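Enquirer: sharing a model prediction with you, sequence too.
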Amino acid sequence: MGTLTVEDAAFGYGDGTPVLSGVAVTVRPGEVLAVTGTSGAGKSTLLRAMAGLLAPRSGKISVDGAPLTGRDHAVSLGVVLIPQDNGLAAILTAAENISVAVIATGGSPADARRRTSESLDALGLSGQANQLIDELSGGQQQRTAVARGLALRGKIVLADEVTSELDAANRQRVLDLLRAEAARGATVVFATHDPEAAAACDRELHLTDGVVTWPRP
Ligand SMILES: Nc1ncnc2c1ncn2[C@@H]1O[C@H](COP(=O)(O)OP(=O)(O)OP(=O)(O)O)[C@@H](O)[C@H]1O
């Protein structure tokens, strides 16, 4: 299971005016939902809220009917966020970034070694395993962040603009891997401003100036 539901929700930062309002969507295991919209439309805001990092001002976000109460709760439910800024620790190697995350979410050291190696291989990064993040190119860092997200085997995988720095072959590789996540039963949400990448998803939620404009309300 891992059905993610957003019900008539509004989101904002501090006391400012809401960044998003009236958002309603349900994503089920096995599906890949694209969240699209121009820069500043609110894609990252929605994914952060789905990850439990930002509480809705009104409405609700729930997983299998249980309202999210925060990031720790979301992690305990298997919600994995691959953030837009990659969120990697610069002082660790690519492999260490992944292994630490696997162990922090309950994996054994043996699990961590195996999943780290598998996920780096899936992203074409076996040769970069022992390089520090600072020594990697922007695209390699982005692929490392995807590898870390995949190694966590989330029930819900939230991928925020994870193809923006990739060449065509690597973009396709990441899209195929997100599709494989859905095929193993994960619920996948992919924020992108790339129409071709969105077209490869099952459904699209389009945001314009803080409201959903597709599907038409
Ligand atoms: N931490 C924050 N504090 C205040 N406002 C914020 C914060 N983060 C984002 N915003 C505002 O929320 C709005 C939506 O931003 P968001 O990052 O969700 O958009 P986006 O669609 O992901 O954009 P991009 O494609 O450029 O990443 C913007 O107006 C932005 O300035």
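Expert: Sure thing, it's come through.
Enquirer: would you mind naming what in the chain lies close to the ligand?
Expert: When proximity is defined as CB under 6 Å from any ligand atom, the chain approaches the ligand at 13, 19, 37, 39-45, 84, 161, 193. The C-beta positions use only the backbone N, C-alpha and C, and glycine is treated the same way.
Enquirer: the same query, at a cut-off of 5 Å, please.
Expert: Tyr13, Val19, Ser39, Gly40, Ala41, Gly42, Lys43, Ser44, Thr45 (CB under 5 Å from any ligand atom).
Enquirer: quick one, what contacts the second one?
Expert: For Val19, the contacting residues are Phe11, Gly12, Tyr13, Gly42, Thr45, Gly210, taking CB atoms under 8 Å, 6 or more residues apart in numbering as the criterion.
Enquirer: check those and tell me the two furthest apart.
Expert: Tyr13 and Gly210 (12.2 Å; CB to CB).
Enquirer: who has more neighbours out of these two?
Expert: Neighbours per residue (other CB atoms under 10 Å) separate Tyr13 from Gly210, with Gly210 holding more: 20 against 11.
Enquirer: now do that one, the pLDDT please.
Expert: In this model, Gly210 is scored at 92, pLDDT.
Enquirer: skipping adjacent residues, who's closest to it in space?
Expert: Leu20 (5.0 Å; CB to CB, 6 or more residues apart in numbering).
Enquirer: how much space separates the one you found from Thr45?
Expert: 6 Å (CB to CB, to the nearest Å).
Enquirer: then Leu4?
Expert: 16 Å.
Enquirer: the more surrounded of these two?
Expert: Leu4 (25 against 22).
Enquirer: thought the more buried one was touching Ile156?
Expert: Yes. Contact status for Leu4 versus Ile156: in contact at 5.5 Å, counting by CB atoms under 8 Å.
Enquirer: next, show the common contact partners of these two.
Expert: With CB under 8 Å, 6+ apart, Leu4 and Ile156 have common neighbours Val27, Met50, Val63, Thr187, Val189.
Enquirer: the first one: what's it in contact with?
Expert: It stands for Val27. Thr3, Leu4, Leu33, Ile156, Thr187, Val188, Val189.
Enquirer: return the member of the residues of the chain next to the ligand nearest to Leu88.
Expert: Closest to Leu88, out of all of the residues of the chain next to the ligand and judged by CB to CB, is Ser44, at 16.9 Å.
Enquirer: please report how far that closest one lies from Arg216.
Expert: From Ser44 across to Arg216, the span is 23 Å (CB to CB).
Enquirer: more neighbours, these two?
Expert: With neighbours defined as other CB under 10 Å, Ser44 and Arg216 compare such that Ser44 has more, 19 against 6.
Enquirer: which residue packs closest to Asp160, ignoring adjacent ones?
Expert: Gln84 (4.2 Å).
Enquirer: run a quick neighbour tally on the nearest residue to Ile103 once chain neighbours are set aside.
Expert: Leaving aside its sequence neighbours, Ile103 sits nearest to Ala112 (CB to CB, 6+ apart; 5.1 Å). A count of neighbours around Ala112, defined by other CB under 10 Å, yields 21.
Enquirer: Ala101: which element?
Expert: For Ala101, the host element (DSSP states H and E) is helix 94-104.
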